[in-house]
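Novice: This is a predicted model, with the sequence first.
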Amino acid sequence: MPDIVLTTLNAKFIHAAFGLRYLFANLGDLQSRAVIVEFDINLRPLDIAEMLLAREPKILGFGIYIWNVTETTEVITAIKRLRPEIKIILGGPEVSYETDGQKIVELADHVITGEADLKFAEVCRDLLLAGRKDLPKIIPAELPDFSRIALPYDFYTEADLAHRIIYVEASRGCPFTCEFCLSSLDIPVRQVPLDKFLAAMQKLLDRGLKQFKFVDRTFNLNIAVSKALLDFFLTRYQPGMFFHFEMIPDRLPAELREVIAKFPPGSLQFEVGIQTFNPEVGSLISRRQNYERMADNFIFLRQETSVHIHADLIVGLPGETPESFAAGFDRLIAFGPQEIQVGILKRLRGTPIIRHDAEWQMIYNAHPPYEILQNKLIDFATMQRLRRFARYWDLVGNSGNFVATAPLLWSGGTSPFTNFLRFSDWLFAKINRTDSIALARLMELLFEFLTRELLLDAKLVAETFWKDCQRTGRRDAPNFLKEFLPEENWSAIRNRDRSLPKRQSRHTPV
């Protein structure tokens, strides 16, 4: 039985715990006495506790995040009641700041704050080898030097490579000070030695990995490194490969543009954090960006590359009115990203966004994920409307099921935000829920809204719907469309090619 069990509750099975693998890689002589055991938050806490206790560990190391702190608290409560002698060590962003008053911190024996890559092994040696009993509860980790950190990629299993999202990083930290983001506390930016990193990536490629999700907060900060990485993957590209990067939206010089344009369709995704188009709001939250350069970069990416763009906006920032958010959303729609993530502001532990609480009357949910409930400019009822807007936008605007149909909501030059909010309000009044909506039901409701509320031509809407159905691999027209389509088109895909499988597989960006 292992002495050390490294564990966490992932948001979904498909996610592989990157941090645990860093800790395991850096255990040194204790590695043979350790094991990684992962769960997801859909499992019952008592079942997780049972599986952990069955391994009879002396030390349990938990990764604590905003999405798992509630469930993990229940797991640790049970373990401490059953086996109080097991040493519980916590780490992760949710317990690295504002530790006072956290129940999970009270339950734990030790909490390592900050980047624990090296500190975790040091604490384990103190407990297991030196038998120390005088270690403090809160143990700050010194910022580790990447030259001393063992990389974790060998500890992705073959099953991980085949079935899970594989995370990689070429750098840590962020040079910006956006007050809503934990990365603003992560200064300076530190690069993994490039030769060491590329060697690790080559090993993953040799093992058959085709999808890489970079977690670097500012991938395109160091242009020379960014170009080297893109060149590396481009020269080794094979069909089915996919690379995800987070990028600074206003920094895309010619040397990067040249290589980006060479990537084939479906192979490259950029996550672009815009967050707000309101310069006054940007100034309030210490976010600097050049909107003119940003617009030019969007035009380049949409017109001259095959990059899939995932862009982010935040609802509820101090100083942002519903009207200014609406204007920003409409502006972003005009840029044409394939996805727009409408996020609700979260009050993450440790972030300096709290300095605005009094002036802007910021009120957040007391429970994870600590989303804004209301502020001086957006009351609770309006915030709820915008929360539903975000959820329904995910289902309609980002799902990939309504690529041609969704723009009908703002056809004729109307405001995308205004019309989608109108649809959102109408839809909630109809079904009184924002989850567990079957796709077929959503399609029928969207068709009803377009034809009966916006009074669009039913035949045109049906034809547009059918294009989306065929594009996503549907073989038969939904019944509610059939009266508006010629009968010979009801099963257009089957008629065109009877050899097609029941549903075409397609690549969905991570």
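Specialist: Good, I have the coordinates.
Novice: Give the buried residues for stretch 254-265.
Specialist: 256, 259-260, 263 (16 or more other Cβ atoms under 10 Å). Placement of C-beta: from N, CA and C, glycine included.
Novice: so what does the helix or strand harbouring His244 touch, helix or strand wise?
Specialist: Element membership of His244, judged by DSSP states H and E, is strand 242-247. Applying 3 or more Cβ pairs under 8 Å, 6 or more residues apart in numbering; DSSP states H and E, we find strand 242-247 packed against strand 211-214, strand 268-275.
Novice: Okay, and Ile340 sits in which element?
Specialist: Going by DSSP H and E, Ile340 is part of strand 339-344.
Novice: re the thing from before, tell me which of the helices and strands packed on strand 242-247 is the most buried.
Specialist: Neighbour counts (mean count of other Cβ atoms under 10 Å) averaged over each of those peak at strand 268-275, with a mean of 23.
Novice: Now do Leu500, the pLDDT please.
Specialist: If you check Leu500, the pLDDT there is 37.
Novice: picking that back up, just the CA coordinates of the strand holding His244, formatted as PDB?
Specialist: Output in PDB follows, covering the C-alpha atoms of strand 242-247 (Å, rounded to 0.1, in the frame of the first residue of the first chain):
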ATOM      1  CA  PHE A 242      -5.400  20.000 -32.300                       C
ATOM      2  CA  PHE A 243      -3.700  22.700 -30.300                       C
ATOM      3  CA  HIS A 244      -5.300  25.100 -27.900                       C
ATOM      4  CA  PHE A 245      -3.700  28.300 -26.700                       C
ATOM      5  CA  GLU A 246      -4.700  31.300 -24.600                       C
ATOM      6  CA  MET A 247      -3.500  34.500 -26.200                       C
END
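Novice: Skip ahead from it and say which helix or strand is next.
Specialist: With DSSP H and E, the next secondary element past strand 242-247 is helix 254-260.
Novice: how far does that next one sit from the chain's center?
Specialist: Centroid separation for helix 254-260 versus its chain: 26 Å, with Cα atoms, centre = their mean, to the nearest Å.
Novice: residues in contact with it?
Specialist: 220, 223, 226-227, 230-231, 234, 252, 268, 300-301, 304-305, 307 (Cβ atoms under 8 Å, 6 or more residues apart in numbering).
Novice: what about 6 Å?
Specialist: 226-227, 230-231, 305 (Cβ atoms under 6 Å, 6 or more residues apart in numbering).
Novice: picking up where we left off before, and the helices and strands packed on strand 242-247: which comes nearest Ile165?
Specialist: Set against Ile165 and scored by Cβ to Cβ, the helices and strands packed on strand 242-247 come closest in strand 211-214, at 5.5 Å.
Novice: List the neighbouring strands of that closest one plus their orientation.
Specialist: Sheet pairing of strand 211-214 (DSSP bridges) gives strand 167-168 (parallel), strand 242-247 (parallel).
Novice: now, among the contacts of helix 254-260, which is nearest to Asp206?
Specialist: For these, the nearest to Asp206 is Asp231 (18.2 Å; Cβ to Cβ).
Novice: and the host helix or strand of that closest one, C-alpha only, in CSV?
Specialist: With secondary structure defined by DSSP H and E, Asp231 is part of helix 223-235. Provided in CSV are the C-alpha atoms of helix 223-235 (Å, rounded to 0.1, in the frame of the first residue of the first chain):
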residue,chain,number,x,y,z
ILE,A,223,7.1,36.1,-29.5
ALA,A,224,10.3,34.1,-30.1
VAL,A,225,9.1,31.3,-27.9
SER,A,226,5.6,31.4,-29.4
LYS,A,227,7.0,31.1,-32.9
ALA,A,228,9.3,28.2,-31.9
LEU,A,229,6.4,26.3,-30.4
LEU,A,230,4.1,26.9,-33.4
ASP,A,231,6.9,25.9,-35.8
PHE,A,232,7.6,22.8,-33.8
PHE,A,233,4.0,21.6,-34.0
LEU,A,234,3.4,22.7,-37.6
THR,A,235,6.4,20.7,-38.9
